[in-house]
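S.K.: Fold the following, please.
(one chain, ligands or ions: 1)
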Amino acid sequence: MLDGLRPIVGTTGDIVVYPSSGTGAWEAALVNSLSPGSRVVMTGAGHFVELWSALAERLGYRVQRLSSDLRRGVDADRLCDVLAADREHTIAAVCVVHNETSTGVISRLADIRPAIESAGHSALLLVDAVSSLGSVMFDHDGWGIDVTIAGSQKGLMLPPGMGFNVIGRRALAAQAAAPTPRAYWDWMPHLEANRNGSFPYTPATNMLVALDVALEMLADEGMVNVAARHERHAQATRAAVRAWGLDIMSVDEREHSPTVTAVVVNEDDADDVRTVALEQYNMSLGAGLGALARRVFRIGHLGHLGDGELIGALGGVELALRRCGLDPRPGVGAAVDVLAGAAN
Ligand code: PLP
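M.R.: You can find the predicted model right below:
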């Protein structure tokens with residue numbers, strides 16, 4: 001299974017699989033690659049980078065938040081400036097949430113390692129790919145990532161309950177030198193046991209059986225086709241939202257998420273739309289999180305999703321918008337046009 005996972009992550013390196021949610025995989029990445037009290041830069045904006053920062057602070061790391069506009073991805077130039085100013089190289093790691101699930105903004109990861117290098121800095125690069133992996137082309141090795149963090153419940157199409165750390169060579173070396181107390185999350189017992197096809201403690205066997213099937217499905221469709229399908233569904237969703245006359249949270253064409261679209265409405269309307277969608281159409285839309293509570297609802301379009309299901313979901317949203325009196329213009333047809341055009 002690890003061999004099946006490697007091409008999806010774009011690595012020839014090591015992968016550790018935990019019976020955990022994505023939050024556990026966040027903690028694992030930090031306690032393995034950093035020494036106690038290390039300084040880390042948390043870049044980008046959104047609910048999940050805030051949660052990851054809070055977790056790192058609770059573990060005693062010195063977190064420097066490099067916030068950006070909630071509607072945009074990580075600013076690589078600003079990151080470069082911050083690292084260049086750190087002449088003593090006290091910053092041990094840069095942490096990035098690739099696809100901010102709360103805003104529907106995907107950062108341009110390929111720009112991050114070059115920014116670190118142009119600052120002449122040695123920081124590790126830790127990336128949360130929880131809501132991008134398995135849905136977009138991902139290049140852990142090529143993008144110079146040291147640890148990629150993922151979970152089972154999004155692009156991998158599984159129930160929640162499995163977390164991943166993908167580990168580069170620099171991160172392994174950092175782990176050997178980092179005296180952080182760690183036990184359950186320690187990479188080493190996993191890597192040793194995995195060599196013999198086993199685990200250091202009871203793995204989530206039910207999840208492994210499911211992962212085997214998910215990897216086969218992704219391999220059958222081909223990752224390039226999976227990524228193209230997600231891109232097409234995201235484009236169709238945006239076409240519907242724009243036709244309704246509503247605003248998309250993400251503002252840069254290069255940073256629209258292929259997996260989730262956050263739709264901005266007037267204060268308090270978002271939860272009305274979500275309630276009606278759930279009660280009338282048995283359809284669960286994502287809530288606005290953190291600073292976006294009540295102002296945003298989110299349409300997820302990832303994983304095992306076909307064109308017809310997407311059109312059905314967008315039809316449900318349009319009905320809910322009308323029932324809530326938001327008076328949308330017809331939008332589903334615009335999504336159909338995108339899907340039909342792309343199919344041609
Ligand atoms: N990171 C991102 C981008 C997420 O979307 C999530 C959850 O949705 C997490 C981290 C946290 O993962 P979990 O809820 O599985 O602990």
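
S.K.: Can you list the low-confidence ranges for this structure?
M.R.: Counting by pLDDT under 70, the chain shows low-confidence ranges at 342-344.

S.K.: for it, longest helix please?
M.R.: helix 223-244 (DSSP state H).

S.K.: Skip the chain neighbours and tell me the closest residue to the residue in the stretch 1-150 of the chain positioned nearest to the ligand.
M.R.: Proximity of the stretch 1-150 of the chain to the ligand (Cβ to the nearest ligand atom) peaks at G22, 2.6 Å away. For every residue, glycine as well, the C-beta is placed using N, CA and C. Nearest residue to G22 in three dimensions, chain neighbours excluded: G151, at 3.5 Å (Cβ to Cβ, 6 or more residues apart in numbering).

S.K.: Run through the bridge partners of the one you found.
M.R.: Note on G151: beta-bridge partners by DSSP bridges are G163.

S.K.: tell me the contacts of it?
M.R.: G151 makes contact with 21-22, 25, 130, 160, 162-164 under the criterion Cβ atoms under 8 Å, 6 or more residues apart in numbering.

S.K.: Now for those residues: which two are most distant?
M.R.: The distance between the two most remote of these (Cβ to Cβ) is 12.8 Å, for P160 and F164.

S.K.: Residues that sit against both of those two, list them.
M.R.: Between them, P160 and F164 share these contacting residues under Cβ under 8 Å, 6+ apart: 151-152.

S.K.: Looking at the two, which is more packed in?
M.R.: Neighbours per residue, other Cβ atoms under 10 Å: of P160 and F164, the larger number sits with F164, 28 against 13.

S.K.: Which residue, other than its chain neighbours, is closest to the more buried one?
M.R.: If the residues on either side of it in the chain are set aside, F164 comes closest to A150, at 4.2 Å by Cβ to Cβ, 6+ apart.

S.K.: burial count for that neighbour?
M.R.: By other Cβ under 10 Å, neighbour count at A150 equals 30.

S.K.: okay but it is in contact with A25, surely?
M.R.: Yes. Taking Cβ atoms under 8 Å as the contact criterion, A150 and A25 are neighbours in contact, 6.7 Å apart.

S.K.: Overlap in contacts, those two.
M.R.: In terms of Cβ under 8 Å, 6+ apart, A150 and A25 are both contacted by the residues 130, 163-164.

S.K.: wait, P203 sits on V16?
M.R.: No. The pair formed by P203 and V16 falls short of the contact definition of Cβ under 8 Å, at 11.0 Å.

S.K.: what about these two, which has more around it?
M.R.: Higher neighbour count among P203 and V16: V16, with 24 against 16, using other Cβ under 10 Å.

S.K.: Could you look up the SS state of the residue lying closest to D141 once chain neighbours are set aside?
M.R.: In this structure, D141 finds its nearest non-sequential neighbour in T11, 5.0 Å apart by Cβ to Cβ, 6+ apart. Remark: T11 carries the secondary structure label coil [criterion: DSSP: H, G, I helix; E, B strand; the rest coil].

S.K.: For T11, give me phi and psi.
M.R.: In this entry, T11 is assigned phi and psi values of phi -140, psi 160 (degrees, to the nearest 10).

S.K.: Who are the contact partners of it?
M.R.: Taking Cβ under 8 Å, 6+ apart as the criterion, T11 is in contact with 140-141, 148, 166, 168.

S.K.: separation between it and A85?
M.R.: Relative to A85, T11 is positioned 31 Å away (criterion: Cβ to Cβ, to the nearest Å).

S.K.: for G44, same thing?
M.R.: Separation of G44 from A85 (Cβ to Cβ): 19 Å.

S.K.: which of these two has more neighbours?
M.R.: Neighbours were counted for G44 and for A85 using other Cβ under 10 Å; G44 has more, 28 against 10.

S.K.: Count the residues that sit near the closest residue in space to that one that isn't next to it in sequence.
M.R.: With Cβ to Cβ, 6+ apart as the measure, V74 is the residue that lies nearest to G44, at 4.5 Å, once sequence neighbours are left out. Other residues within reach of V74 by the criterion other Cβ under 10 Å amount to 26.

S.K.: swap in L124?
M.R.: Using other Cβ under 10 Å, L124 has 23 other residues around it.

S.K.: now swap in Y201 and tell me
M.R.: 10.

S.K.: what does P36 give?
M.R.: For P36, the number of neighbouring residues by other Cβ under 10 Å comes to 12.

S.K.: and the gap between it and L59?
M.R.: From P36 over to L59 (counting by Cβ to Cβ), the distance is 9 Å.

S.K.: do V147 as well
M.R.: Distance, V147 to L59, using Cβ to Cβ: 15 Å.

S.K.: before we move on, what about N99?
M.R.: Counting by Cβ to Cβ, the separation of N99 from L59 is 24 Å.

S.K.: quick one, which of those two is more surrounded?
M.R.: Neighbour count, other Cβ under 10 Å: between N99 and L59, N99 has more, with 29 against 17.

S.K.: The more buried one pairs with what?
M.R.: In this structure, N99 has the following beta-bridge partners (DSSP bridges): I106.
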